[in-house]
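Enquirer: here is a sequence with its predicted model. Questions after.
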Amino acid sequence: MSPEVLSTPVVDTVKGPGRAQSRAQAARRRKVVVTVARVLLLVAVLGLWEALSRAEVIDPFNFSMPSKIWDQISTWVMHGTAQGSLGEQVWYTLHEALLGWAIGVIAGVVFGIALGRIAFLADVLGPYIKVLNSLPRIVLAPIFVIWFGLGPASKVASAVVLVFFPVFFNAFQGAREVDRNLVANARILGASDRKVTLQVVVPSATSWIFTSLHVSFGFALIGAIVGEYIGATKGIGLLVAASQGTFNAAGVYAAMVILAVVALLAEGLLTFAERRIFRWKPANSDH
């Protein structure tokens with residue numbers, strides 16, 4: 001055998017890992033560049049806002065400035081709010097949002113899968129669901145306050161109605177898009193309707209359902225905040241309402257920053273859970 005033939009596999013073997021390593025290094029460099037660009041953009045926006053406010057190009061009373069917002073957050077962290085400690089307000093809102101989110105997700109998945117699997121239910125309930133979905137659900141918050149009072153129940157109800165519909169429609173579509181061959185094969189093997197639903201339809205619709213979870217948690221926070229803004233004894237929404245009532249723009253922005261941090265942390269947890277559940281998916285199909 002000639003030396004050229006012997007050397008060919010060695011060259012290919014070396015090039016393969018080398019190319020993979022180069023791609024990995026390029027991906028890491030791009031990630032660093034993107035992170036730096038994001039930080040620089042944030043610093044530039046905050047710096048410009050601070051400079052324009054201090055120069056009174058924009059009204060510092062109405063628009064406040066980042067330094068005052070930071071001072072307000074620091075004051076709440078160190079000395080608490082008029083309604084109690086900041087942690088208590090955050091937990092109150094988060095508790096309402098999580099409970100409403102959980103109820104809305106469960107109801108949305110159950111009804112979505114049921115109507116996706118049972119055509120008769122879809123025909124009967126479909127028009128009513130479309131009518132309810134067309135309603136501006138935020139306006140239901142005052143009604144829930146009248147029904148359930150200023151406690152957490154009215155905020156949970158607001159969160160539920162905002163979460164239910166995006167989850168329902170994704171679960172419904174996921175149940176409708178399931179591979180018919182899989183369902184037919186399961187039936188040939190003797191699977192009952194219940195087993196087909198639990199072992200074929202639900203796993204196939206999981207990707208659709210998880211897609212709605214990212215959006216729906218933000219809706220749950222919105223529902224809780226709007227309910228607290230209308231009437232509550234605690235919560236971030238009450239901080240917004242109290243700050244607005246005293247014309248404290250820094251307090252309004254500070255509450256928004258705290259809410260954004262809570263939402264980002266929740267989004268991170270959902271993304272982590274999704275990646276753990278869908279580890280079998282190829283890397284290029286994650287998003």
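Expert: Perfect, thanks for sending it. Nothing here was measured: the structure is a model prediction, and the numbers come from that model. Numbers count the residues shown, from 1 in each chain.
Enquirer: contacts for stretch 263-278 next, please.
Expert: When contacts are defined by Cβ atoms under 8 Å, 6 or more residues apart in numbering, stretch 263-278 is touched by residues 206-207, 210, 213-214, 217-218, 221, 286. For every residue, glycine as well, the C-beta is placed using N, CA and C.
Enquirer: check stretch 94-103 too.
Expert: For stretch 94-103, the external contacting residues (Cβ under 8 Å, 6+ apart) are 152, 155-160, 162-163, 216-217, 220-221, 223-224, 227-228, 235, 262.
Enquirer: give me the subset of these lying in helices.
Expert: Members of the contacts of stretch 94-103 lying in helices (criterion: DSSP state H): 152, 155-160, 162-163, 216-217, 220-221, 223-224, 227-228, 262.
Enquirer: coming back round to it: most neighbours among the contacts of stretch 263-278, which one?
Expert: Ranked by neighbour count (other Cβ atoms under 10 Å), the contacts of stretch 263-278 have residue 221 at the top, with 26 neighbours.
Enquirer: please name the nearest non-neighbouring residue to that residue.
Expert: residue 97 (4.8 Å; Cβ to Cβ, 6 or more residues apart in numbering).
Enquirer: now residue 219
Expert: Nearest to residue 219 is residue 162, by Cβ to Cβ, 6+ apart, at 3.9 Å.
Enquirer: swap in residue 65?
Expert: Sequence neighbours aside, residue 53 is the residue nearest to residue 65 in space, at 3.8 Å (criterion: Cβ to Cβ, 6+ apart).
Enquirer: average pLDDT across the strand or helix carrying the one you found?
Expert: For residue 53, the host element (DSSP states H and E) is helix 3-54. The average pLDDT within helix 3-54 is 77.
Enquirer: ditto for stretch 221-233
Expert: 86.
Enquirer: pull out the buried positions in that stretch.
Expert: Using 16 or more other Cβ atoms under 10 Å as the test for burial, stretch 221-233 gives 221-232.
Enquirer: with stretch 118-125 instead?
Expert: The neighbour-count check on stretch 118-125 (16+ other Cβ under 10 Å) flags residue 122 as buried.
Enquirer: go on, stretch 236-250?
Expert: For stretch 236-250, by 16+ other Cβ under 10 Å, it's 236-243, 248-250.
Enquirer: gap between it and the chain center?
Expert: The chain centroid and the centroid of stretch 236-250 are separated by 25 Å under Cα atoms, centre = their mean, to the nearest Å.
Enquirer: ditto for stretch 101-117
Expert: Worked out by Cα atoms, centre = their mean, stretch 101-117 lies 17 Å from the chain centre.
Enquirer: now do stretch 147-163
Expert: That offset, for stretch 147-163, works out to 19 Å (Cα atoms, centre = their mean).
Enquirer: dump that stretch to CSV, keeping only the CA atoms.
Expert: Taking Å, rounded to 0.1, in the frame of the first residue of the first chain, the C-alpha atoms of stretch 147-163 are listed here in CSV:
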residue,chain,number,x,y,z
TRP,A,147,-66.2,40.1,42.9
PHE,A,148,-63.3,38.9,45.0
GLY,A,149,-62.2,42.1,46.9
LEU,A,150,-58.7,43.6,47.3
GLY,A,151,-57.1,40.3,48.3
PRO,A,152,-55.0,38.1,46.1
ALA,A,153,-57.9,36.3,44.6
SER,A,154,-58.8,39.1,42.2
LYS,A,155,-55.2,39.4,41.0
VAL,A,156,-55.0,35.6,40.5
ALA,A,157,-58.2,35.7,38.4
SER,A,158,-56.8,38.5,36.2
ALA,A,159,-53.7,36.5,35.7
VAL,A,160,-55.7,33.3,34.8
VAL,A,161,-57.7,35.0,32.0
LEU,A,162,-54.6,36.5,30.5
VAL,A,163,-52.7,33.2,30.6
